[in-house]
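**Q** 3D model of this:
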Amino acid sequence: MAIEIQPEKVQEPGGSEPAKPRPARPWWMRPAFHTGIIGAVIGYLIGHWLGNALAHGYQQVGHNDQHDMAIVLGYVFGTVGWLAGLGVFNDLGKQMIGRPVTPGDQHLGDGLAKYFRYSLDHKTVGIQYLVGMIVYFLTGGLFAMVIRTELLSPSYHIISPSSYLMVVGEHGTMMMMMMTSVILGPFGNYFVPLMIGSKRVAFPRIEALSFWLTPCSYVILLSGVLFGGWPNGWTAYAPLSIQATQGMDAYAVAFGIMGISVILAGFNIICTVICFRAPGMRWSRLPMFVWAMLVTAFLMVLAAPVLVGGLYMMITDRTVQTAYFTASLGGSSYLWEDLFWFFGHPEVYILALPGFGIVSEIIPVFCRKPLFGYKVAAAGMLGVALLSFFVWQHHLFDSGMDPNMRPLFMLTTELISIPTGFIYLVAMGTFWKAKIRLTVPMLFAIGMYLNFLFGGISGVYLSDVPSDTTSHGSFFVMAHFHYTIMGGLIFAFMGGIYYWLPKMMGIKLNEKLGKIHFYTMFIAFNSTFLPLFVIGMEGQPRRVFEYARNLETLNDWVSISSFFLGFSILIFLYNFVMSTVVWREKEVGNPWQARGLEWQVSSPPPPHNFEHIPVVLSGPYEYGDPKALPVADLNPPAGVVSGALVGSTQSGSEA
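**A** Here you go, the predicted model:
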């Protein structure tokens, strides 16, 4: 069979000559954000009408005003309409009718408009994720401010009990659901191809789809406020979730869409790292951030489908009267708890491991030392990922579970502290006798390790059955959780922004404002959450807005501190907006003198990352070694791959 190898002579389907280029459409006719909104509105109206039509005649629907079928199908069809309006299905449709697919290169040079479109450039998707995650984080933070305002007094209330539960649910779900991809989305999609010497990700359309599902999930989640929210927090325990009003539909559909998003994102990262590494990029030369992204991607792909399946079961319980989680009809509420936490505890490490990946990139640069115990750190991440699937029932110690299962899950939960400790000790070894430069990224890295220390130590008490029985469901748990997630993940996320924004946008954030941001945020964070350990030990439960009057002083201290914490985020937001829009201090080089492969190209990187596929010659952390080879040859002779092995015995990261 003859194969045409001259693209310029390729004929149209049917044997005709290539058609002349079609004139460009006006901007308002091109698939973009505005056409997605139109598609979402049309899709929702169709889905809502269809849901009412399907449910018509059913007694359990016709005699009440809660039409879950119409709401759910409205959300689903609205999501499909949103994606169709964005042009997600255009290339698929063209292939099905035999028309040529638009080359991905055309998505690279659309100026500012490309950030509002379905782009196939991984760097554009990374910046879309970055802005989106900041918006989602700020929204969740606003709900937190409402919670702390309400808790200023144990007797005087600004909102009703049902409204308080709605705010608590929105805050928890927004943070835990929408922030799942807070690092893999912006930094993973942007930097993994650059760090492994690839010109693109494995599946650009899947990558773009994973992002554009998140705004839809965000809007659906917020729409739950219109229906009164849901009364059972971010965990949505049954049977209360089956009995709740339509706000629960928003939770189930939004969480399900976000679950699909993280599955797609994880699948794409796995394929990219395994199949698209440049010559010489051995497993022993992978940057720690890439290791963190790879391990996190496997957690996403293996854990999130369980959650999506559980949410589908919840939706069918609420719409077509199945009985998976209704005990009176033969179901089991314990089934939801197991399905949810089988995802929910790997979810904790989906949030924590990327943070360790970022700070593992930052500290060798500003210590000017090789990363201490590289292989130990990589093994620690793999160990955490493996053990994270064997600990989920420690959330059920007080649920009435089989007592014979408690020792097993207590043991596995305590065991997971060992690989986590390995990762932590690698950083301490890197700090040892180092000449540390206290730049803004380094300050956030140090802050992350200090915060995570409190979170890790307090977690030991929650892994032990007798002590967990005392503290379960209290503010002690909430303090532990915020120290590990916000104190770890968000501090690392901020450090990543200050560290990598010069590479992503060619613009450096104001350093003075950055240091003010760090010190304000670090002090306010600890002032907010450290007293919560005491409040929890004094017996104040979560999700209850009336508490013992003797705890009012501590709660007032926490609330006022949280307002300062919110103010610190506003300092960051001001710095981010002014630096990227108004001041625009250019930084086109390598301001940190880093050895990472991503820093060896211009800032921001060229459209296809590298002019030629680089040949990697050494590891990324060989600071202070005068005999260290360059990280890579960016312009290798045509066909030369063996250069990747040159001087491997001199490399500090041999295979």
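**Q** can you pull the contacts of residue 304?
**A** With contact taken as C-beta atoms under 8 Å, 6 or more residues apart in numbering, residue 304 is in contact with 259, 260, 262, 263, 266, 343. Just so you know, the C-beta spots here come from the backbone N, C-alpha and C atoms, and that holds for glycine as well.
**Q** I'd like the next helix or strand past the helix or strand harbouring it.
**A** Residue 304 belongs to helix 288-319 when assigned by DSSP states H and E. Of the helices and strands lying after helix 288-319 in sequence (DSSP H and E), the nearest is helix 333-367.
**Q** who does that following helix touch, helix- and strand-wise?
**A** With contacts taken as 3 or more C-beta pairs under 8 Å, 6 or more residues apart in numbering; DSSP states H and E, helix 333-367 sits against helix 288-319, helix 374-387, helix 417-431, helix 440-463, helix 491-505.
**Q** Who are the packing partners of the second one?
**A** Looking back up the chat, that one is helix 374-387. Judged by 3+ C-beta pairs under 8 Å, 6+ apart, the packing partners of helix 374-387 are helix 288-319, helix 333-367, helix 417-431.
**Q** Out of those, flag the one nearest residue 389.
**A** helix 333-367 (6.2 Å; C-beta to C-beta).
**Q** buried sites along the closest one?
**A** For helix 333-367, the neighbour count (16 or more other C-beta atoms under 10 Å) marks 333-334, 336-367 as buried.
**Q** How about stretch 616-627?
**A** 616, 617, 618, 619, 620, 621, 622, 623.
**Q** okay, those residues in TSV with pLDDT and distance to residue 278 next?
**A** Formatted as TSV, those follow (pLDDT from 0 to 100; distance: C-beta to C-beta, whole Å):
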residue	pLDDT	distance to residue 278
616	92	6
617	91	11
618	90	13
619	88	14
620	91	13
621	92	17
622	91	17
623	90	21
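**Q** ok, of these, which one's closest to residue 247?
**A** Ranked by distance to residue 247 (C-beta to C-beta), the buried residues of stretch 616-627 are led by residue 620 at 47.2 Å.
**Q** residue contacts, residue 317?
**A** The contact partners of residue 317, by C-beta under 8 Å, 6+ apart, come to 238, 242, 323, 324, 325, 326, 331.
**Q** Next one: it, what pLDDT does it get?
**A** The model reports residue 317 with a pLDDT of 91.
**Q** Likewise for residue 644?
**A** Note on residue 644: pLDDT of 45.
**Q** just the one 3 residues further on next, same as before
**A** Per-residue confidence at residue 647 stands at 44 (pLDDT).
**Q** ok, now the one 3 residues further on?
**A** The pLDDT attached to residue 650 in the predicted structure is 41.
**Q** same check, this time on residue 625
**A** pLDDT, read off for residue 625, is 82.
**Q** burial count for residue 464?
**A** 16 (other C-beta atoms under 10 Å).
**Q** What separation do you get for the residue nearest to it when sequence neighbours are not counted and residue 283?
**A** Closest residue in space to residue 464, ignoring its immediate chain neighbours: residue 410 at 6.3 Å, by C-beta to C-beta, 6 or more residues apart in numbering. According to C-beta to C-beta, to the nearest Å, residue 410 and residue 283 sit 34 Å apart.
**Q** who's more crowded, these two?
**A** In this view residue 410 and residue 283 are compared by other C-beta under 10 Å, and residue 410 has more residues nearby, 19 against 14.
**Q** which of the residues in the helix or strand hosting that one are buried?
**A** Residue 410 belongs to helix 406-415 when assigned by DSSP H and E. Going by neighbour count (16+ other C-beta under 10 Å), the buried part of helix 406-415 is 406, 409, 410, 412, 413.
**Q** Also stretch 223-230?
**A** 223, 224, 225, 227, 228, 229, 230.
**Q** Can you classify residue 623 by secondary structure?
**A** coil (DSSP: H, G, I helix; E, B strand; the rest coil).
**Q** what's it sitting at in phi/psi?
**A** In terms of degrees, to the nearest 10, the main-chain angles of residue 623 are phi -80, psi 140.
**Q** for residue 541, same thing?
**A** phi -80, psi 160.
**Q** before we move on, back to that, now the helix holding residue 304, how far from the chain's geometric center?
**A** Relative to the centre of its chain, helix 288-319 is centred 12 Å away, using C-alpha atoms, centre = their mean, to the nearest Å.
**Q** How far away from the center of its chain is stretch 376-395?
**A** 18 Å.
**Q** Quick one: mean pLDDT over it.
**A** 93.
**Q** Flag every buried residue along it.
**A** Neighbour counts over stretch 376-395 (16+ other C-beta under 10 Å) mark 376-378, 380-381, 383-385, 387-389, 391-395 as buried.
**Q** and of those, the nearest to residue 419?
**A** Nearest to residue 419 among the buried residues of stretch 376-395, with distances taken as C-beta to C-beta, is residue 383, at 3.1 Å.
**Q** My read is that that closest one contacts residue 422, right?
**A** Yes. When contacts are counted by C-beta atoms under 8 Å, residue 383 is listed as touching residue 422 (7.3 Å).
**Q** separation between residue 564 and residue 558?
**A** Per C-beta to C-beta, residue 564 is found 11 Å from residue 558.
**Q** which neighbours do these two share?
**A** Common contacts of residue 564 and residue 558 (C-beta under 8 Å, 6+ apart): residue 527.
**Q** What's the per-residue pLDDT of the residue nearest to the spatial centre of the chain here?
**A** For the chain, the residue nearest the mean C-alpha position is residue 181 (1.4 Å; C-alpha atoms, centre = their mean). As summarised for this prediction, residue 181 has a pLDDT of 90.
**Q** Please apply the same query to residue 343.
**A** pLDDT recorded at residue 343 is 94.
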